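**Q** the sequence isn't on hand, but the structure is:
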Ligand SMILES: Nc1nc2c(ncn2[C@@H]2O[C@H](COP(=O)(O)OP(=O)(O)OP(=O)(O)O)[C@@H](O)[C@H]2O)c(=O)[nH]1
C-alpha cells in the first residue's frame with residue numbers, strides 16, 4: 001500500500017513543462033527549436049506545444065497545436081472580437097477544454113517533457129490571469145512547471161530597454177508563481193564574447209546611471225536609480241545567455257532549467273522507484 005501511495009505522489013511530478021514566454025520576436029520559437037534539436041542529439045525527447053492560435057508556421061516539430069482546438073480567426077469572427085481579446089478568449093477556451101488538453105498530453109506517451117511556445121503578447125503573462133490559470137491546469141494534470149522568459153540580447157546594450165525588460169521578466173515571474181529562468185537569446189549575433197560577459201556582469205545601478213545621465217528630469221533620474229537599486233539589492237533578475245552556435249551554452253541553459261524544475265532529481269527518484277518495482 002505504501003508503495004502505491006509513494007508511486008501516486010511521485011508520478012505526479014514525472015511530467016515537466018516549460019512555459020516559454022517573451023515579447024514578439026524575442027526568439028521563443030527558435031528557443032523551442034534549439035532545445036528540441038539538442039534533446040534529439042542526446043536521445044532525449046522534448047515535445048513542443050504551440051499556444052499561439054494565430055501562429056502560421058513553426059521552426060520546430062509541433063506535437064500539440066492549440067489551432068486544432070481553436071484559431072484566432074474563428075474566435076474573432078464568431079465573437080466579433082479584436083486580435084487581443086480574441087487571443088485571450090482562445091486561451092480561456094483551451095483552459096475550459098481541459099479534457100482536450102489532457103488527451104493531447106496523454107497522447108505523447110512516456111515523453112513527458114514539453115515546451116509551451118506562448119504568443120508574444122506579454123500582457124498574457126505579465127498582468128492577466130489567463131496564463132496563470134493555464135499553469136494551474138497543467139499542474140492539476142500533474143506537470144512540474146517552470147517559466148522561461150526570452151529576452152533579445154541586444155536589449156542589454158540599451159539601459160532603458162534593460163530596465164524595462166528586467167521589470168517585464170519580473171512581472172511574469174511574479175504572476176505565474178513558478179520557478180523562473182530568464183534567457184538571453186540571439187547571443188550568437190554578438191561577435192565580441194567578452195563584451196557579452198561584461199554586459200552580463202554589469203551592475204544594474206551602473207545601467208541606471210547610464211539612463212540617469214540622459215534623463216531630462218531629476219525625478220526620473222532618482223526613480224530609475226531606485227528601481228535599479230531594488231533589482232541589485234535583492235538580486236532579482238539574472239540572465240542566462242543562449243548562443244545557438246555554442247553547444248556548451250545550449251547545454252548550460254538546459255541544465256539550469258532542468259535544475260529549476262527538478263528534472264534530474266525526480267528522474268533519480270524514478271530510477272529508484274523502477275528498481276523498487278522490480279524488487280516487488
Ligand atoms: N541569429 C539568431 N537569430 C535568432 C535567434 N532566435 C531567433 N532569431 C531570429 O529572430 C526572429 C524572431 O524569432 P522567433 O523565434 O520567431 O521569435 P518569437 O519570439 O517566437 O516571435 P513571435 O512568435 O512573433 O512572438 C527570427 O527571424 C529568428 O530567425 C538566435 O538565437 N540567433
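**A** Cool, got the structure. Fair warning: this is a prediction, and the values are worked out from it, not measured in the lab.

**Q** state the distance from residue 186 to residue 151.
**A** Residue 186 sits at a distance of 9 Å from residue 151 (criterion: Cβ to Cβ, to the nearest Å). Any C-beta I mention is one placed from the backbone N, CA and C, and that applies to glycine too.

**Q** chain center to the longest strand along the chain: distance?
**A** Across the chain, the longest stretch assigned as strand under DSSP state E is strand 143-152. With Cα atoms, centre = their mean, to the nearest Å as the basis, strand 143-152 stands 2 Å off its chain's centre.

**Q** need the contact partners of the following helix or strand past it.
**A** Downstream of strand 143-152, the first helix or strand assigned by DSSP states H and E is helix 159-176. For helix 159-176, contacts defined as Cβ atoms under 8 Å, 6 or more residues apart in numbering pick out 19, 21, 23, 122, 125-127, 129, 131-132, 135, 147, 149, 151, 155-156, 180, 182, 204, 207-208, 210-211, 224, 227-228, 231, 236-237.

**Q** just the buried ones from these?
**A** Buried by 16 or more other Cβ atoms under 10 Å: 19, 21, 23, 122, 125-126, 131, 135, 147, 149, 151, 155-156, 180, 182, 204, 207-208, 210-211, 224, 227-228, 231, 237, out of these.

**Q** give me the phi and psi angles of the residue in the stretch 101-250 of the chain that the ligand sits nearest to.
**A** Nearest residue of the stretch 101-250 of the chain to the ligand: residue 120, at 2.7 Å (Cβ to the nearest ligand atom). In terms of degrees, to the nearest 10, the main-chain angles of residue 120 are phi -80, psi 0.

**Q** how many neighbours does it have?
**A** Residues lying near residue 120 (other Cβ atoms under 10 Å) number 17.

**Q** likewise the one 3 residues further on?
**A** Using other Cβ under 10 Å, residue 123 has 14 neighbouring residues.

**Q** contacting residues for it?
**A** For residue 123, the contacting residues are residue 84, by Cβ under 8 Å, 6+ apart.

**Q** what pLDDT does it get?
**A** pLDDT for residue 123: 91.

**Q** and it, how far is that from residue 27?
**A** As judged by Cβ to Cβ, residue 123 and residue 27 stand 19 Å apart.

**Q** residue numbers of the chain in contact with the ligand?
**A** With Cβ under 6 Å from any ligand atom as the criterion, the chain meets the ligand at residues 22, 24-30, 120, 185-186, 188-189, 244.
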